[in-house]
Structures are given as C-alpha cells and as structure tokens.
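Chemist: After the sequence you'll find the predicted model.
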Amino acid sequence: MDVQISGRMLGCLLGKRRPLPLKGQNEADELAYKRFKTCIIQGSSRGGPAASTPLPSGRRCNPRIEFETICQRLELESSPRDPKQAQDVPQTRMQDLQTSVSSPQQHSITVRRSSDTETYKKVQWIWRAAVQPHDSSQQADSNERKPDLKPFANMNVQGMAQRTLWAPSLLNDYCKKKCYEQGDTNLLDCSCDGMIALALGSTVYLWNSETRALVGHFQPSLEPGSPRCRTHTISCLSWSGDGRTLCTGNRRGEIQLWDVDHKQSMWCFKSHLSVVGAVSWKQRLLSSGSTLGHIHHLDPRAPSPVLGAAFQEEGICSLEWSPGNELLASGSKEGLLHIWEGDVAGIKTPCKPVISMKQPSSVKALGWCPWQRKVIATGGGWKDGQLRIWDTQSGSCLKSINTNSQICCLRWAEKRRYLITGHGLPHNLITSWSWEFPSLNPMHQLTGHSQRVLHLAINPDNTNIFSAGADQRFCLWDL
C-alpha cells in the first residue's frame, strides 16, 4: 500500500504522539495519518513487516567491514566479506633481482585490506646501499663543520662506550601518556651473523657489527604527491633464526619479510587493524601481536597464512617464544604476563593462556632465560623498578630485586650467563646481572646515555652490547 506522509507526521509517530495541527492542514492529511497508523498496528498484530516510507538511497547505510569469525575457526580483528576474497590476501613473493650497489632497487607491492575490496595505495620499497663514510678525523679537527647527523655517523662523546654513533629519528613513545598504544616495542636486533637492524622512523638500517660499517637501508618511496604519514613507521622488528630474513611490523598493521641476501621484499601481509606491537619467530612460523590484544600465528609459505589466533583484553607490548619453542609469552600494558601453549596449528577457537602473572606496571621488558627454559624475566616501569624472575610452571616469582630505576628493556647473554637491563630515569644506564638460582647480583653498570636506554641487542659471541637510547645515540659496549 502506497501511503504518503510528511516528515513531520512520521517524526511524531516515532515519538508516540500525534502531530500538532498545522495551519491550513486539510482533512486529507488527517485521513492519511489515520490510515498509516492503522497499517502499522495491523502489521504488528499479524507479525509481518509494518508499512513504512522508503529511505532515500543516498542515506542508506552500507557497512564496509563485518566483524565475524572465519568459518567459526578464528576470532580475528576483521574478516573478508567474500570467501573468495581470502585468496586475495596480500602476500607477495618477489622474483630474484640482481643486487646493484650503485643504483637503488625498487620493488612494487600492492597490499589489499583483509576486510573489503579496496586496495592501499601502491608503495615502493627501495634498498639503498651505503655510500663511503666521511673522514671522521677531518671532522674532529674542524671546528667550523657541523656534526654529521646521518644514521650511524660517528659522535665524539666521552663515555665508557667503545663507539657512539648517531641514531636520529629514533622513536621515543615510552614517556607518553598512552605510551604503548603506539607500539615501538623493539626497534633494535642483532642476527646470528652479527648484522644489526635498527628502525629509524619508516626506514630500517643494516649495520655490520664485525666490520663496523653501514651496509644500507630499506625505505618506502610513495607515489609522487602522496604524503608521508606515520602509518608507514616501523613499530617492531626481529631477525629469523638463520639470520637471512628480517621481519618488520608497522603502524598500518602490516607484516613484511625482507630477504637480506638479495636486498628485496619477500612477503607482505595485512595481519592487524591496529599497530603491530611485537613480533617473534618460531622457527619458520611467525607470531605477531597488536595493540588491540590480538595474537596471530602466521606461516608465510602457506596460501592462507593464518594458522591460529589468541586474544587478550589488554594491548600487547611484548611477545617472545621460549628457546625451545614450547611456550609463548606476551606482556600487556596493564601489567599482565600471559603464557600460551606452543601448539598453534589447527586451533578451532581462540585459545586461552595457560597461566597469567601480574606486576604493578606494564610488561614491556621481557625475556626467556636460555639455559632455564621455564624461567622468564620481566622489568617494571619507573613506579615499580623491580626486576623479576618468574617460574612459568607455578606462576610464582623466584626472585625480585629493586633497581630504583625504570627498566625499559632486557636481554640474556647465554654464553656469559648474564642478564642485561637497560634503564631510564633517573640514571639512564645499562646493568649486567649474574643469575644463578636463587641469587641475582649486579655485576657492572655502563653509563653513556643521557636519556632512556630504549633498546638492547647482544652479538652472537656475547662480547658486545648494542644500545639505542632516547638521546638519539647508538652505543657499542664491551661486555
């Protein structure tokens, strides 16, 4: 039944009151209102749809993202609307290219959203080899020349560090009010071959710790006219066990793998709808955690890379597999340390942690003990300052010591049986600890950073420590 009714009458009907009579309103309008009301009452009593006026097509709601489980198997942050679209997951295997030192290499990657049919703007990732370094002796003798602020350029700073280099544009979101919503969990890592990877903004630099020379860097090169935004910023990175593949996560929720030998991008996948807070390898598998609390287990070799998923209510600010790949630890900004089972393949529903532990501050600094595989260490923030050793089987704290300082990061040195911690306020130093159950004793303190020590790495021989601080310095220390 076609019924004409004014917008004023419809609004009054929804408000459960009759419209006020308007000046000049005729009896036809009153009759139309009564007929419209009668149709609605009769439709409600019969259980059928009530008559209504159609909405204009320009104001119809057209949802673009549907939040649902994928075949009742995984609870992901978003899922494709079309099952065929799952085959279009952004996953790229680049062909082998010849490495050229004199000219940059460009690789074009088109990344699709996992939730709709729109595509991102095409991003070209460029590898640039390092140029010949400037003569540091001439720079030191010249008082008129300004300091070179290029990454890994020498700094003439007195301190205990063997060498101090520039690390400009190193992100420092630690001190912000919502410090962990931006990610930036670990931007420094050392491979089994001694290759240092350091993320400065949206660029990843490779520095050879044996030759003490800059190798080159990866950086995104957008199309002309496209503004460079913070979503391209690298939020975390991690080397694979064999040192041939570098994994990076950014603020767009993308996971990208780099073939360092061929200087090319191997694989790119839109894993999250939020910032990738942390990544960790399990042999050839990869786990990533987002600041929304989602953990995805990925196999880059599979057509459908997502193998399993887990979820915690708090945002993830640390993630690490145990040395034997038996357990996965995730730290939250609410101070919870969760331990997850190592079997991630074939999970039908999002799993729950095996055990959870609580500390007063965010669990950003986290690391498994290499020689005691059920033991994990965590560091507290500036309101806490406690260095804790946990037994993940019982959930009990084996040892806790007050450092009177903010703990921003930590690493284990297996060959020395040391635990290395990087601190913030008030001293901004690096401390080495000897750990033999049940004793935890400080051994050395290294000073040289003027602000927070944000990231730490240790070379394979456990002879050197590498640190990156909020003072834009990259330091090399003799352990």
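Modeler: Done, it's in. It should be emphasised that the depicted structure is a prediction, and the values quoted were computed from it without experimental measurement. Residues are numbered from 1 along each chain as shown.

Chemist: what ranges do the strands span in the stretch 351-479 of the chain?
Modeler: Secondary structure of the stretch 351-479 of the chain, counting by DSSP state E, counting those that start in this stretch: strands at 355-358, 365-368, 375-379, 386-391, 396-402, 407-413, 418-423, 429-436, 439-447, 453-458, 464-469, 473-478.

Chemist: For Lys263, which non-adjacent residue is closest in space?
Modeler: The shortest distance from Lys263 to any non-neighbouring residue, by Cβ to Cβ, 6 or more residues apart in numbering, is to Trp127 (4.2 Å). For every residue, glycine as well, the C-beta is placed using N, CA and C.

Chemist: Report how many residues lie close to that neighbour.
Modeler: 23 (other Cβ atoms under 10 Å).

Chemist: and it, how far is that from Val204?
Modeler: In this view, Trp127 and Val204 are 10 Å apart by Cβ to Cβ, to the nearest Å.

Chemist: Give me the common contacts of those two.
Modeler: Here Trp127 and Val204 share the contacting residues 217-218, scored by Cβ atoms under 8 Å, 6 or more residues apart in numbering.

Chemist: Averaged pLDDT, the helix or strand hosting the residue nearest to Lys263. What do you get?
Modeler: Element membership of Trp127, judged by DSSP states H and E, is strand 123-129. Per-residue confidence for strand 123-129 averages out to 75 on the pLDDT scale.

Chemist: which parts of that strand are buried?
Modeler: Residues of strand 123-129 classed as buried: 123, 125, 127-129 (neighbour count, 16 or more other Cβ atoms under 10 Å).

Chemist: re earlier: tell me which of the strands of the stretch 351-479 of the chain approaches Val260 most closely.
Modeler: Closest to Val260 of the strands of the stretch 351-479 of the chain, according to Cβ to Cβ: strand 453-458, at 15.8 Å.

Chemist: which residues does the residue nearest to Lys263 bridge with?
Modeler: On the basis of DSSP bridges, Trp127 is bridged to Gln105, Phe218.

Chemist: Then His444?
Modeler: His444 has these beta-bridge partners by DSSP bridges: Ser432.

Chemist: Now do the residue lying closest to Asp259 once chain neighbours are set aside against Trp368, distance only.
Modeler: Across the structure, with Cβ to Cβ, 6+ apart as the measure, the residue nearest Asp259 apart from its sequence neighbours is Met266 (4.8 Å). Between Met266 and Trp368 the distance, using Cβ to Cβ, works out to 27 Å.

Chemist: Can you list the helices and strands that the strand holding Trp127 packs against?
Modeler: Here strand 123-129 touches strand 105-109, strand 213-222, going by 3 or more Cβ pairs under 8 Å, 6 or more residues apart in numbering; DSSP states H and E.

Chemist: follow-up on the earlier one: please name whichever of the strands of the stretch 351-479 of the chain is nearest to Leu237.
Modeler: Short answer: strand 453-458, nearest of the strands of the stretch 351-479 of the chain by Cβ to Cβ, at 10.1 Å.

Chemist: Give the pairing partners of that closest one; include direction for each.
Modeler: strand 464-469 (antiparallel).

Chemist: who's in contact with the strand it pairs with?
Modeler: Strand 464-469 is touched from outside by 162, 167, 170, 187-188, 190, 196, 198, 209, 411, 420, 422, 428, 430, 446, 449-459, 474-479, with contacts defined as Cβ under 8 Å, 6+ apart.

Chemist: Between the two ends of stretch 321-341, how far is it?
Modeler: Stretch 321-341 has an end-to-end distance of 10 Å (Cα to Cα, to the nearest Å).

Chemist: An error on my part: the question was meant for stretch 187-197.
Modeler: For stretch 187-197, the end-to-end distance is 8 Å (Cα to Cα).

Chemist: Show me what counts as buried in stretch 153-165.
Modeler: Within stretch 153-165, the residues scored as buried using 16+ other Cβ under 10 Å are 153-155, 161, 164-165.
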